[in-house]
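Student: Need a 3D model of the following:
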Amino acid sequence: MHNRVEQNMKQIYETLCGICGAEHVLVREPMSRHTTFRTGGPADLLVQPKAEQIAPILEVCRNEEIPWTVIGNGSNLLVGDGGIRGVVLEIGKQMSDIVIEGTMITAGAGAMLSSIASRAAAAELTGMEFASGIPGSLGGAVVMNAGAYGGEMKDILQKVTVLTPDGTVQILSVEELELSYRHSIIPEKGYLVVSAILKLQQGNADEIQSIMDDLKEKRVSKQPLEYPSAGSTFKRPEGYFAGKLIQDAGLRGFRVGGAQVSEKHCGFIINRDQATSTDICQLMQQVSEIVYEKFGVRLEPEVKKIGEF
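Tutor: Have a look, this model is predicted:
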């Protein structure tokens, strides 16, 4: 397969340029430029599509038997140092429209949650304050039912437009998404999120702003925002807090290579000093093992691993 990919890459590159324009097709693109961990090897091809270009791109991948991977803002991803084979679709600025009608917001999967939250606040709509500091895109947030500070996407999602693996457009209700803690049906079905409709409530601009300011203050004071990371590294184990378990295991500041358990908040693994994805991966495994040995609690990664390690 690999040889076939190599031979076809030039032809595929030209086909994708025809679909998206050459400025939106990047060759051997370092994924460290596209993840908040600032790590990860090269993608064979990385495309930045508009919504209507996705189906034709997937058709090319199918016809050429080339693997494809979807990313958003890269804020919950650990990409292997070997990079990603095939085509990476980066859903971003080209799909970031936000339209507000009454209490409904329709936004592209590439829109940043922070942008949607600030547009909502300006329109005096409440319900999205929890998401104002989540550093991800709407698509990624839908896929993992992102949440923070007592809110989650499930609370505000109304409908989601997806593309199925064979390129059909489907509109799913919030019930059909089967949302639970950091889970939706989207990955197992191989769907790609195109856009979503959110339903908020009429609110008071000053109150909304004050909630957002308050949450921002909490984040800035408690989270290691000065270093590259992917937010909370582990899921919250039933009945515990990951950060507290890691701290109680004596792992504050624990390092592997350039990766470190944040001294400011033990629930975050940070790229302290030119870490590789392998450093981060090994640190995650060691932290998980030590916590299990000490407390008998399994820490599951919240960060998604993709590519070649």
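Student: after the helix or strand bottoming out on mean pLDDT in the chain comes which helix or strand?
Tutor: When each helix and strand of the chain is scored by mean pLDDT, DSSP states H and E, helix 2-20 comes last, with a mean of 84. Reading on from helix 2-20 to the C-terminus, the next helix or strand found by DSSP states H and E is strand 25-30.
Student: Going by neighbour count, list what's buried in that next one.
Tutor: 25-26, 29-30 (16 or more other CB atoms under 10 Å). For glycine as for every other residue, the C-beta is placed from the backbone atoms N, C-alpha and C.
Student: ok, now stretch 224-236?
Tutor: Per 16+ other CB under 10 Å, stretch 224-236 contains these buried residues: 224-225, 227-236.
Student: what residues does it touch?
Tutor: Taking contacts as CB atoms under 8 Å, 6 or more residues apart in numbering, the residues outside stretch 224-236 that touch it are 35-39, 75-78, 134-135, 181-182, 219, 242-243, 246, 262-265, 267-272, 284, 287-288, 299-303.
Student: and that stretch, how far apart are its ends?
Tutor: Distances were taken as CA to CA, to the nearest Å; on that basis the terminal residues of stretch 224-236 are 18 Å apart.
Student: And stretch 80-98, by the same measure?
Tutor: Between the opening and closing residues of stretch 80-98 lies a distance of 33 Å (CA to CA).
Student: Would you state the helices of the stretch 101-250 of the chain in chain order?
Tutor: Counting by DSSP state H, counting those that start in this stretch, the stretch 101-250 of the chain has these helices, from start to end: 113-122, 138-143, 186-189, 205-222, 242-248.
Student: Of those, which stretch is the most buried?
Tutor: Compared across these, helix 138-143 shows the largest average neighbour count, a mean of 28 (mean count of other CB atoms under 10 Å).
Student: how far away is residue 308 from residue 180?
Tutor: With the distance defined as CB to CB, to the nearest Å, residue 308 ends up 30 Å from residue 180.
Student: do residue 41 as well
Tutor: For residue 41 relative to residue 180 (CB to CB), the value is 33 Å.
Student: And for residue 124?
Tutor: Computed as CB to CB, the residue 124 to residue 180 distance reads 31 Å.
Student: neighbour count winner among these two?
Tutor: Looking at residue 124 and residue 180 with other CB atoms under 10 Å, you find the greater number of neighbours at residue 124, namely 17 against 11.
Student: Check what pLDDT the more buried one gets.
Tutor: Here the pLDDT value assigned to residue 124 is 98.
Student: I figured residue 252 was touching residue 261, is that so?
Tutor: Yes - with contacts defined as CB atoms under 8 Å, residue 252 counts as touching residue 261 at a distance of 6.1 Å.
Student: Which of those two has more residues huddled nearby?
Tutor: residue 261 (27 against 16).
Student: quick one on the thing from earlier: any common contacting residues for residue 252 and residue 261?
Tutor: For the pair residue 252 and residue 261, residues contacting each of them under the criterion CB under 8 Å, 6+ apart are residue 246.
Student: Give me the neighbour count for residue 267.
Tutor: Considering only other CB under 10 Å, residue 267 is surrounded by 24 other residues.
Student: for residue 285, same thing?
Tutor: By the measure other CB under 10 Å, the count of residues near residue 285 is 13.
Student: hmm, back to that, columns distance to residue 89 on top of the helices of the stretch 101-250 of the chain, output as JSON lines?
Tutor: Below are the helices of the stretch 101-250 of the chain laid out as JSON lines (distance: least, CB to CB, whole Å):
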{"stretch": "helix 113-122", "distance to residue 89": "19"}
{"stretch": "helix 138-143", "distance to residue 89": "10"}
{"stretch": "helix 186-189", "distance to residue 89": "14"}
{"stretch": "helix 205-222", "distance to residue 89": "29"}
{"stretch": "helix 242-248", "distance to residue 89": "31"}
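Student: and of these, who's closest to residue 66?
Tutor: Nearest to residue 66 among the helices of the stretch 101-250 of the chain is helix 186-189 (19.6 Å), distances taken as CB to CB.
Student: How about residues contacting that closest one?
Tutor: Counting by CB under 8 Å, 6+ apart, helix 186-189 makes contact with 142-143, 162, 164-165, 177, 193, all of which sit outside it.
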